[in-house]
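Colleague: one predicted model, sequence on top.
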Amino acid sequence: MQCQPADIKQLGTILGIWAHPDDEAWAMAGLIAIARRNQQRVVLITATRGDAGKTANETRWPQTQLGEIRTKELEDCLRLLDVSEHYWLDYEDGGLAAAGSATAVKQLTDIMNDVRPDSVFTFEPNGITGHSDHKTICSWAHQAVSESNLPVTAYGAIESAENYEQACCDCQTILKDIYFNTDKPVTKPMNKMDLCIPLPTDIQDLKLRALKCQPSQTKQLFDDPEGLIFIKAHARCECFTKL
Ligand SMILES: [Zn+2]
């Protein structure tokens with residue numbers, strides 16, 4: 001369904017469950033911003049500090065300090081998006097699949113029972129980029145939704161066929177850096193999405209700023225003409241499939 005900003009109200013209290021700092025900005029910064037302007041409650045969970053991620057510049061953001069750097073970057077991003085309720089789960093970056101799912105699902109279920117969200121957002125089961133943490137967080141979130149017994153609708157962020165085709169056409173040289181764990185992401189055409197949110201231009205600008213708040217991950221893309229095309233395409237619309 002094509003969803004207009006006014007329809008976002010129907011999503012009620014929103015809980016985002018993500019693996020790394022910046023996942024939330026890529027997947028749902030626009031949705032978060034619209035929901036907060038509607039005075040909806042938005043709570044986010046981040047499972048790791050992202051310290052095993054690739055740094056955009058080793059001199060500016062040394063790998064050894066990446067966990068602290070990305071913690072601060074996410075705090076800046078959440079301040080920009082007016083989100084004050086956030087949980088770190090402090091799992092090892094890259095280690096979600098090896099961590100015990102029972103404990104993690106219990107942690108998520110406890111938070112869910114406390115927050116009582118109407119809508120939960122995470123990755124689609126293949127994790128867009130194919131990162132194993134993305135796939136695992138989707139599985140944990142899905143299990144937690146089932147075990148919470150709350151009337152929650154769970155959505156997975158998914159790459160649109162339109163954005164992927166554009167990336168294949170205009171962003172060929174950076175594609176392997178982005179979809180680094182998969183040959184091709186699972187995609188769906190925008191008109192087949194369960195939730196497809198075209199972002200108004202002021203919200204697109206805010207999403208770009210949310211991504212800029214995390215320069216250790218995004219500066220390279222912003223500085224690269226292809227990267228900028230890719231980012232701007234992903235700031236125009238946010239798409240989700242029901243889990
Ligand atoms: Zn991630």
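Modeller: Ah, there it is. Numbering: from 1, shown residues only.
Colleague: contact residues of this protein facing the ion?
Modeller: Applying Cβ under 5 Å from the ion, we find that the chain lies next to the ion at 19-20, 23. C-beta here means a position set from N, CA and C on the backbone, and glycine is covered the same way.
Colleague: can you put those in CSV and add pLDDT?
Modeller: Converted to CSV, the residues of the chain next to the ion look like this (pLDDT from 0 to 100):
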residue, pLDDT
Ala19, 98
His20, 97
Asp23, 97
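Colleague: buried subset of the residues you listed, written for PyMOL?
Modeller: Remark: buried members of these, expressed as a PyMOL selection using 16 or more other Cβ atoms under 10 Å:
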select buried, resi 19+20+23
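Colleague: could you dump the residues of the chain next to the ion to JSON lines with secondary structure and distance to Leu78?
Modeller: Formatted as JSON lines, the residues of the chain next to the ion follow (DSSP: H, G, I helix; E, B strand; the rest coil; distance: Cβ to Cβ, whole Å):
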{"residue": "Ala19", "secondary structure": "coil", "distance to Leu78": "16"}
{"residue": "His20", "secondary structure": "coil", "distance to Leu78": "14"}
{"residue": "Asp23", "secondary structure": "helix", "distance to Leu78": "13"}
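Colleague: got the phi and psi for the closest residue to the ion within the chain?
Modeller: Proximity of the chain to the ion (Cβ to the ion) peaks at His20, 3.6 Å away. For His20, the backbone dihedrals (degrees, to the nearest 10) come out as phi -130, psi 150.
Colleague: okay, the nearest residue to it once chain neighbours are set aside: pLDDT?
Modeller: The shortest distance from His20 to any non-neighbouring residue, by Cβ to Cβ, 6 or more residues apart in numbering, is to Gly50 (4.1 Å). The model reports Gly50 with a pLDDT of 96.
Colleague: contact partners of the helix or strand of the chain with the lowest mean pLDDT?
Modeller: None of the helices or strands of the chain scores lower by mean pLDDT, DSSP states H and E than helix 175-178, at a mean of 77. For helix 175-178, the surrounding residues in contact (Cβ atoms under 8 Å, 6 or more residues apart in numbering) are 129, 167-168, 171, 230.
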